[in-house]
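**Student:** Structure, please.
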Amino acid sequence: MKKLFVAFVCLLSFQLVQAQDQTNEAPKWEISKVLEITNTNFNAGERPVGVPVDFVVEIKNISKDTVTLLNAKAGCGCTTPNFTPNQRFGPGQTVKVAISYNGGQAGSYGKITTIYFDHDMTQTIMLTGVGVQPKQEPAPAQSANPVKQ
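**Tutor:** Okay, the predicted model is just below:
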């Protein structure tokens, strides 16, 4: 009888552990079937160092469900996303995320901003470009011949 009771407890424990492994989470949505996103790879080209780069990412809901733009985070402090947190948008509606980079880097650069949506969807936005130092005009040469007065 004791063995039967121990076997029953073990079986019950095993069932409880299995039940805990199964979650009732909604499945992750495939972003390409839900959202149409512009400017995911924005190339700013060559720009003088110190000249800011601004561009807009448009996100259109192409699904039949409402989606929530939860957050947007830049990979560094020189890039800033401007958006409305927890913004809900229905089928056919479009939201915008404005991204600004301060342009402070010389040479090639790549800046990442990640946009987070509900249903475990994320989109990485890549900004690339080249910061060039402005050419300085040489100072006028001084004449070797003194000016006669």
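**Student:** For burial, what's the neighbour tally of His108?
**Tutor:** No His there; residue 108 is Ser. 9 (other CB atoms under 10 Å). Using the backbone N, CA and C atoms, a C-beta is placed for each residue, glycine as well.
**Student:** swap in Thr40?
**Tutor:** 11.
**Student:** For it, give me its contacts.
**Tutor:** 57, 123-126 (CB atoms under 8 Å, 6 or more residues apart in numbering).
**Student:** switch to 7 Å and redo it
**Tutor:** 123, 125-126 (CB atoms under 7 Å, 6 or more residues apart in numbering).
**Student:** and if you look at Thr66?
**Tutor:** Going by CB under 7 Å, 6+ apart, Thr66 touches 88-90.
**Student:** Now, of those, which are buried?
**Tutor:** Phe89 (16 or more other CB atoms under 10 Å).
**Student:** how about the contacts of Thr66 in JSON lines, adding pLDDT, distance to Leu70 and secondary structure?
**Tutor:** Below are the contacts of Thr66 laid out as JSON lines (pLDDT from 0 to 100; distance: CB to CB, whole Å; DSSP: H, G, I helix; E, B strand; the rest coil):
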{"residue": "Arg88", "pLDDT": "98", "distance to Leu70": "10", "secondary structure": "strand"}
{"residue": "Phe89", "pLDDT": "98", "distance to Leu70": "12", "secondary structure": "strand"}
{"residue": "Gly90", "pLDDT": "97", "distance to Leu70": "16", "secondary structure": "coil"}
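**Student:** Next, the buried residues of the helix or strand Gly45 falls within.
**Tutor:** Assessed by DSSP states H and E, Gly45 sits inside strand 41-48. For strand 41-48, the neighbour count (16+ other CB under 10 Å) marks 42, 44, 47 as buried.
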